[in-house]
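Peer 1: 3D model of this:
(one chain, ligands or ions: 1)
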Amino acid sequence: MIKTRAIVLHRFPYSDSSFIVKALTEECGIVSFIIKGGKKKESPFRGALDPLALSEVVFRQNPNTELQFIKEATLLDWRKDLRNDLLSLSKAQVMTEMILRYAPQGVPLQEEFARLEQAISEFDDGTSDKSRIFAQWLLDTCDMWGYNLDLTTCSRCGRTLDKPAADFFPETGAFVCHACLDVDTPRARTETLNGLWALLNGEKIEHPEFTENALLTYLRHHIGFLKEIHSIKFLNETRKLFDYH
Ligand SMILES: [Zn+2]
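Peer 2: Numbering: from 1, shown residues only. Modelled structure (predicted):
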């Protein structure tokens with residue numbers, strides 16, 4: 001029997017009454033559970049297996065099957081405040097989808113668990129600076145998956161930046177200092193450059209969508225474009241709502 005904390009990444013219907021739940025567990029990485037009768041109102045797991053919930057699950061790991069049977073699931077935190085914040089919710093969904101699609105399967109993912117748990121807790125915490133959470137998670141994920149992004153060094157002259165870079169190339173992750181850019185026109189927007197500088201220095205990011213998109217582009221160029229991240233469409237729609245209202 002394995003008893004571990006788990007973050008629900010995804011849940012979808014299976015047959016008339018059941019669910020399949022994919023969860024990031026603290027001990028065993030990503031595990032798929034079949035929840036027979038999960039759709040019924042009297043299901044003992046109600047709430048504990050909602051997407052983004054933090055729960056403690058008990059199961060017996062059967063190496064011969066992809067779908068594990070869950071014995072117990074206890075809700076630890078439903079993330080009520082996160083669920084009432086559409087922008088944070090849409091960012092959290094991109095994070096969970098990226099882990100589901102890109103994280104290695106069948107291996108423990110303790111660091112991924114710790115960082116996702118931290119980001120979701122911060123989204124759910126009314127006092128935290130929401131502007132940094134997704135960008136920080138993306139930067140940490142670059143690092144975790146072996147695509148470390150150096151925010152401090154000019155890629156041309158090798159000097160340490162002492163203010164926001166003059167340009168940034170998200171495909172390669174290269175920063176260019178003001179001396180090296182000289183009279184050339186930068187390709188990156190000021191919002192992106194200032195946002196990456198704020199991220200490095202632990203400051204509030206004024207227009208986080210530019211920084212987040214730059215980091216997403218960097219990460220996807222390194223991972224490859226094989227799999228589309230569907231929840232990014234929802235995030236972009238949500239961002240529009242917050243821009244114009
Ligand atoms: Zn330079």
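
Peer 1: contacting residues for the residue nearest the centre of the chain?
Peer 2: Geometric centre of the chain, nearest residue: Met95, 2.2 Å, by C-alpha atoms, centre = their mean. By C-beta atoms under 8 Å, 6 or more residues apart in numbering, Met95 lies in contact with 116, 119-120, 134, 137. All C-beta spots, glycine's among them, are computed from the backbone N, C-alpha and C.

Peer 1: go again using 10 Å as the cut-off
Peer 2: 7, 9, 52, 112, 115-116, 119-120, 123, 133-134, 137-138, 141, 231 (C-beta atoms under 10 Å, 6 or more residues apart in numbering).

Peer 1: from these, which land in strands?
Peer 2: Among the contacts of Met95, the subset assigned to strands under DSSP state E consists of 7, 9.

Peer 1: top of the contacts of Met95 by neighbour count?
Peer 2: Phe134 (27 neighbours; other C-beta atoms under 10 Å).

Peer 1: and the lowest-mean-pLDDT helix or strand in the chain, what does it pack against?
Peer 2: Every helix and strand of the chain was ranked by mean pLDDT, DSSP states H and E. The lowest is helix 231-244, at a mean of 88. Under the contact criterion of 3 or more C-beta pairs under 10 Å, 6 or more residues apart in numbering; DSSP states H and E, helix 231-244 touches helix 86-102, helix 208-223.

Peer 1: give me the distance between the residue lying farthest from the centre of the chain and the ion.
Peer 2: No residue in the chain sits farther from the centre than Val183, which is 37.1 Å out by C-alpha atoms, centre = their mean. From Val183 across to the ion, the span is 14 Å (C-beta to the ion, to the nearest Å).

Peer 1: and if you look at Glu72?
Peer 2: 57 Å.

Peer 1: next, the distance between the ends of stretch 223-234.
Peer 2: Distance across stretch 223-234, first residue to last, is 21 Å (C-alpha to C-alpha, to the nearest Å).

Peer 1: now it: buried residues?
Peer 2: 223, 229, 231-232 (16 or more other C-beta atoms under 10 Å).

Peer 1: residues of the chain that sit close to the ion?
Peer 2: Residues of the chain lying near the ion by C-beta under 5 Å from the ion: 154, 156-157, 177, 180.

Peer 1: can you do 8 Å?
Peer 2: 154-159, 176-181 (C-beta under 8 Å from the ion).

Peer 1: by neighbours, which of these wins?
Peer 2: Busiest of the residues of the chain next to the ion [other C-beta under 10 Å] is Val176, holding 23 neighbours.

Peer 1: now for that one: which residues touch it?
Peer 2: Per C-beta under 10 Å, 6+ apart, neighbours of Val176: 154-157, 161, 165-169, 182, 184, 186-188, 193.

Peer 1: kindly report the same for Trp78.
Peer 2: By C-beta under 10 Å, 6+ apart, the neighbours of Trp78 are 47-48, 50, 52-55, 124.

Peer 1: most widely separated two among these?
Peer 2: Within the contacts of Trp78, Ala48 and Asp124 form the most distant pair, 16.2 Å apart (C-beta to C-beta).
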